[in-house]
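Undergrad: 3D, please:
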Amino acid sequence: MRFVGLRWTPGSREQTRAARTIAAALGDGWTTLIDWRGLLLLHLNESQVEILPHGMGVVFGDRYGDGPDPSPPSDVALDPTPGWIAARWGAYVAVLIDRGYDLVRVLRDPSGAVSCFLAEAAGVHLFFGDARDYVAICEAPAADLGFMRAFLRYPLYLERRTGLAGVEDLWPGEAAIFPRNGRRLDRYWTPHLFSRGTPTLDWAAGRVALRANAEEAVGAQARRHARIALRLSGGFDSSLVLALLRRTSEAEIVCVNEYWEGAPEGDERAQAKAVANVFGAPCHDLRIDPATVDYAGALSAPLSARPSLALLSFGNPGIARFYANLGCTVITSGQGGDHLFHRSRTPWIAADAIRDGVTGARAMQIALDTARLTGAPVWDVLATMALGAVHARPRARHRSEVLGVLTEGSEAAHDHVWEAEARSASPARGLRIRQLLDALSYHDETSLSAAAPTRPFLLAQPVIETCLSIAPYVITQGGTERALARAAFGDLLPDSVTRRTTKGETTRYFAAVLSNNWDWIREVLIDGRLVDSGVADGAAMRRALRRDWRQDGLAADVLYALIAGECWLRNLDRTISEAKVLRTSRATADVPADGGAHTHQSGDS
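TA: Residues are numbered from 1 along each chain as shown. The predicted structure is shown next:
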C-alpha cells in the first residue's frame, strides 16, 4: 500500500519547509489527500483509499463493519479508536483526525494485513506503507545490521525494529498518536485480550460463534469481488474457504491446485478436483517444476522494510503470470486455518485446563483427549498438566546458530508485545499467540502480489477473536485436531474432507529447488553483502557451504534465511541507487535553461 504521511508541529516554519522538501522527493504520481495544520497525507494513485466524512480521516485498504464513522469535533476529547476496532475489521491502515484537538491517530488493523512503518526526518514524523518510498525521501538510508543478525537466527523474527535503520513497525492493533508535538504509541488490541483467563465460549457456544463469524468474514470479503482465485489443496482449510465462498457470495470462483509429480506425497490433484466438483467450481492444475525456479529472481523483488522468506517466491515468476491470466481480482487460500483451529498436537493443551481450574473427571477426560491427539502416553500428559499447575511452560523458540557463519555483534532484542504476552499466557494459549505472530508472514508481499492482492480470508479479526475466546482443550475436544471446526462446518463439507487429518508434503520439492540453485546460492553467499557488511564471516561461510546441506531440513531453513537476507541487502543497494538516479534526473530537469534556480513558496501549515 503506497501512502506517506508527514506530521510536524503546526506553525513551525522550519518544520513546514522540511516537510515540503521531503514530500517533493517522492516525485510524480502522488495525490495529496490532506494538507492541514502540520499534517500532509499523500498516496500513490494505485492505492485503495476511502475518505471518511466530515474531514475526519482516511482509510487505506478494505474495512468492513456497520459502526458509525467518527463524528465532527465536540467540546470533549473522545478517542474513537476503541469503538473503531470493536465495530470494524478488515485489511487497513486508518488515519483518524480530531480537528478540534489537533490529534492525528494512525491505526493499523489487528490482522496486520496492511503494513505501516514509522520514522523521523529533519524533525518531521513519517508514517508510510512501502519501504521504497522511505528510501526515496531519506537522505542516507542504511541497513540495521543488528536486526539482520536477529532475523538470521529467527527467520520469522518480528519486533519493532526493521531491516532499515531508523524505521520502526507499527504493530497490528496499535495506533501512533501524534498531538501537536511528539508521538506516542497506544495498544488497542492484542491476542491476549481474548485468550486470557477462563474461556468465554464453551463447545456449544464456540461452535455457533465460529460458524457465524467465519461466514461473516469470508462473505464480506468475497462480496467485493466478482471473480476470486482460490489455491485449493483439498485439505480441510482450503475446502472450508471454498464452501464458505459458495455459501456467502455470488462471486465466480476459480480453483487452482499447484503440484509437482516428482513428489507424489505432495500431489493433491485428485483431492482438490473432487472437492471442486462438489461445489461446481473449475479447478486448474498448475505444475510447479523445481527446475524452473531461479532464486536469482529474488534480486529483482520490490524492496520490503525487512527481509522475509517471501522473497524466495520471486524465483518463480511463472506462477504469478498464471494467476494474472485468470483475471481474478483477489487470490485467497486456506492459510491461517492451522493457526486458528489449533492443528498443534502438544500435551501442553491439557496443562491449560489445570491453569483454568478444571478438576476431577473433566480434567481426566481432557488428559485422555490430549493423549489421543498427541499419541503420547496419558501419564506423560498428566505430568505435563502437573508442570502447567506450577506455571512451567514450553521451551522458547529455537535459536539458530546459522551454520556458524555469523560474526560477533549486537542483535536486536525480540520485544514484540505479542511475544511478551505469549510468555505470560497459559502454555497452549501462549503457543497459539506465537502461531498468530508467525501467521503475520502470510501478509508479506510475494510474487503473486503482482497478479492480484493476496488475502487469506480466514485470518480476519472476527474469526481470530472467536478462536482466541475458546480454550485449546475445547477446540481439540475428543482428541481430534480442529475438532470444533470440523463440528462447526461439517455439514458444509464432504465427509472425506471432514475426516482428513493429513497434509501434502513439500520437503522433497524444496530440496530439489535448493539442488537446482546450489551453484548460485554458493556464489551469492560467499563474499556477498552479508559478508561485506560484517554480519557473516567469509571464511566461515565458505567452510559451511562446502558441505551439502540440501537434504538436511533444519539446515535448509537456515539457507533460506541466508538467501533472503543476502537478497534483501542487495535489493536495498539497488533501490538506493535507483532513488539517487531519479533524484539526479529530477534536479537536472528543474534547472532552467538560463541557469537560474526555480523557487517554490508555500504558506505556513
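
Undergrad: all helices for the stretch 101-250 of the chain, in order.
TA: Per DSSP state H, counting those that start in this stretch, the stretch 101-250 of the chain carries helices over the ranges 131-137, 145-153, 192-195, 203-222, 236-248.

Undergrad: one more: the stretch 401-550 of the chain?
TA: Listed in chain order, the helices of the stretch 401-550 of the chain (DSSP H, counting those that start in this stretch) span 417-424, 427-439, 461-468, 472-475, 483-489, 495-499, 507-516, 518-525, 529-532, 538-546.

Undergrad: other SSEs contacting the third one?
TA: What that stands for is helix 461-468. Identification of packing neighbours for helix 461-468 by 3 or more Cβ pairs under 8 Å, 6 or more residues apart in numbering; DSSP states H and E yields strand 89-98, helix 192-195, helix 203-222, helix 337-340, helix 427-439. (Each C-beta comes from the backbone N, C-alpha and C, glycine too.)

Undergrad: count the residues that sit near Ala274.
TA: Ala274 has 16 neighbours, counted by other Cβ atoms under 10 Å.

Undergrad: tell me the angle of the helix or strand hosting it relative to helix 236-248?
TA: According to DSSP states H and E, Ala274 maps onto helix 269-278. Put simply, helix 269-278 runs at 20 degrees to helix 236-248, going by axes from the mean of the first three to the mean of the last three Cα atoms, to 10 degrees.

Undergrad: could you give the mean pLDDT of helix 269-278?
TA: For helix 269-278, mean pLDDT is 96.

Undergrad: helices or strands up against it?
TA: When contacts are defined as 3+ Cβ pairs under 8 Å, 6+ apart, helix 269-278 sits against helix 236-248, strand 252-259, strand 283-287, helix 495-499.

Undergrad: deepest in the core, which of those is it.
TA: Stretch with highest mean neighbour count among the helices and strands packed on helix 269-278: helix 236-248 (a mean of 24; mean count of other Cβ atoms under 10 Å).

Undergrad: now what about that one, what contacts it?
TA: If you take Cβ atoms under 8 Å, 6 or more residues apart in numbering as the criterion, helix 236-248 is touched by 214-215, 218-219, 222-223, 228, 230-232, 251, 253, 255, 275-276, 279-281, 332-338, 341, 457-458, 482, 485-486, 489, 492-494, 497-498, 500.

Undergrad: let me know the pLDDT of Arg550.
TA: Arg550 carries a pLDDT score of 58 in this model.

Undergrad: if we can go back for a sec, and the helices and strands packed on helix 269-278 as JSON lines, adding mean pLDDT and distance to Phe147?
TA: Formatted as JSON lines, the helices and strands packed on helix 269-278 follow (pLDDT from 0 to 100; distance: least, Cβ to Cβ, whole Å):
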{"stretch": "helix 236-248", "mean pLDDT": "97", "distance to Phe147": "32"}
{"stretch": "strand 252-259", "mean pLDDT": "96", "distance to Phe147": "32"}
{"stretch": "strand 283-287", "mean pLDDT": "96", "distance to Phe147": "35"}
{"stretch": "helix 495-499", "mean pLDDT": "92", "distance to Phe147": "41"}
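
Undergrad: having no further points to raise, I will conclude here.
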